[in-house]
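> Any chance you can model this:
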Amino acid sequence: MQEKSIKFGKNLVTTEEFFTAGHSFCIGCGEALALRLACKALGSSVIIANATGCIEICTSPLPVTSWRIPWIHTLFENTAATISGIEAGLKILMKKGTIPERDIKCVAVAGDGGTSDIGIQALSGAFERNHDFLYLCFDNEAYMNTGIQRSSATPYGASTTTAPAGKLSIGQITRKKNMAEIAVAHDIPYVATACPSYPFDLMNKVKKGAEVKGPAYIHILSPCPTGWRHASDLTIEIGRLAVETGIFPLYEVESGRYRLDIDRPKLKPVEEYLKLQGRYRHLMNREIEKIQAMINEDYAKLIKKVAAFAA
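I've put the predicted structure just below:
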């Protein structure tokens, strides 16, 4: 079936909806928007393996579904293993002539918990075996589906139900695990970060990742009004501020070469991002200054890597 498309500037976007209405995501959910954009970029010739989490729960309440493409629900810990088996199985079926030869994109979808915590072993193994698949991590920085428990992607200073702020605690006391850099360390062909506040950047990266031969990984920041405790109409603004403050820079790593996609002459203060979210409202100035120093350090490291390949 020929998909209809419309043009936005230099970008051609399908009018088809592969992730459709009827889901139960919260109002203003950044993850739902990011998923819709990613599905538009992937098109119809795709098989998605989806870990337990917000996406699975909100899109497949029996007896209905919001998916209009082949989709498999798998466990928290084995999304990458499941999509590896699908990819290998398709190769064998095509080789034997059981099914016709054609390009079917194999895509794994999981949250930060299913990626950086419970699923990291299966993901690392799939990278090492060089399976031809795209992995999309939708990062809302906690286990939102089960009650806003902290994950290894929860940022320093954020308050969650299992790392609550109080008289003797600032909330999360460890720093956010950098899954994009962990993926880069596996020496895979393509790694990128994305955010639905920059829709064309996200869709272009998903298209690129899906076309790469071998493993590709995209880490997508997904603002969560419920868990981050921000107004539902601020989702896009908060995503943009995450990028503009350097908290979540948008970059790509192709065959080990770094490129910064949004390069601001001067970063905004992190306080502009933090003050819009209830999960940070307990922070005192000294902690905000500490977070600012952390971001400055991390951003400087990234700029140094980008500069090394700029020549």
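
> Next up, the contacts around the closest residue to residue 264 other than its chain neighbours.
Ranked by Cβ to Cβ, 6 or more residues apart in numbering and with sequence neighbours excluded, the top spatial neighbour of residue 264 is residue 244, at 6.2 Å. Yep, even glycine has a C-beta here, placed from its N, CA and C like the rest. Residues near residue 244 by Cβ atoms under 8 Å, 6 or more residues apart in numbering: 264, 267-268, 272.

> try residue 170
By Cβ under 8 Å, 6+ apart, residue 170 lies in contact with 157, 282-283, 287.

> So for the residue nearest to residue 264, what's the pLDDT?
You'll see residue 244 listed with a pLDDT of 98.

> For the stretch 201-311 of the chain, just list every one of the helices.
In the stretch 201-311 of the chain, the segments counted as helices under DSSP state H, counting those that start in this stretch are 225-228, 235-244, 271-274, 285-308.

> Now distance to residue 189 too, for those helices, in a markdown table please.
Formatted as a markdown table, the helices of the stretch 201-311 of the chain follow (distance: least, Cβ to Cβ, whole Å):
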| stretch | distance to residue 189 |
| --- | --- |
| helix 225-228 | 33 |
| helix 235-244 | 24 |
| helix 271-274 | 32 |
| helix 285-308 | 17 |
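
> Of those, which is nearest residue 259?
Smallest distance to residue 259 across the helices of the stretch 201-311 of the chain (Cβ to Cβ): 6.5 Å, for helix 285-308.

> sorry, back to before: out of the helices of the stretch 201-311 of the chain, flag the one nearest residue 212.
helix 285-308 (19.9 Å).

> Now do the closest one: which elements does it pack against?
strand 257-260, helix 271-274 (3 or more Cβ pairs under 8 Å, 6 or more residues apart in numbering; DSSP states H and E).

> thinking again about what came up before, which one of the helices of the stretch 201-311 of the chain lies closest to residue 18?
Of all the helices of the stretch 201-311 of the chain, helix 235-244 sits nearest to residue 18, with 21.4 Å by Cβ to Cβ.

> quick check, distance from the closest one to the centre of its chain.
The chain centroid and the centroid of helix 235-244 are separated by 14 Å, computed with Cα atoms, centre = their mean, to the nearest Å.

> about what we covered before: among the helices of the stretch 201-311 of the chain, which comes closest to residue 57?
helix 225-228 (13.1 Å).

> List of residues touching the closest one?
If you take Cβ under 8 Å, 6+ apart as the criterion, helix 225-228 is touched by 26-29, 140-142, 144, 148, 160, 231-232, 234-235, 238, 277-279.

> model confidence over it, on average?
Per-residue scores along helix 225-228 average to 98.

> Strands along the chain, start to end?
With strands called from DSSP state E, the chain shows them at 5-8, 11-14, 46-51, 71-74, 105-111, 134-139, 165-166, 169-170, 190-194, 216-221, 251-254, 257-260.

> Could you list the paired strands of the fourth one along with their orientation?
To tie it back to what came earlier, the one meant is strand 71-74. Paired with strand 71-74 in the same sheet, following DSSP bridges, are strand 46-51 (parallel).

> Send me the partner strand as PDB with only the CA atoms.
Below are the C-alpha coordinates for strand 46-51, written out as PDB (Å, rounded to 0.1, in the frame of the first residue of the first chain):
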ATOM      1  CA  VAL A  46       8.000  -3.000  10.600                       C
ATOM      2  CA  ILE A  47       7.700  -5.400  13.500                       C
ATOM      3  CA  ILE A  48       7.900  -3.900  17.000                       C
ATOM      4  CA  ALA A  49       8.800  -5.800  20.200                       C
ATOM      5  CA  ASN A  50       7.600  -3.800  23.200                       C
ATOM      6  CA  ALA A  51       8.600  -4.300  26.800                       C
END
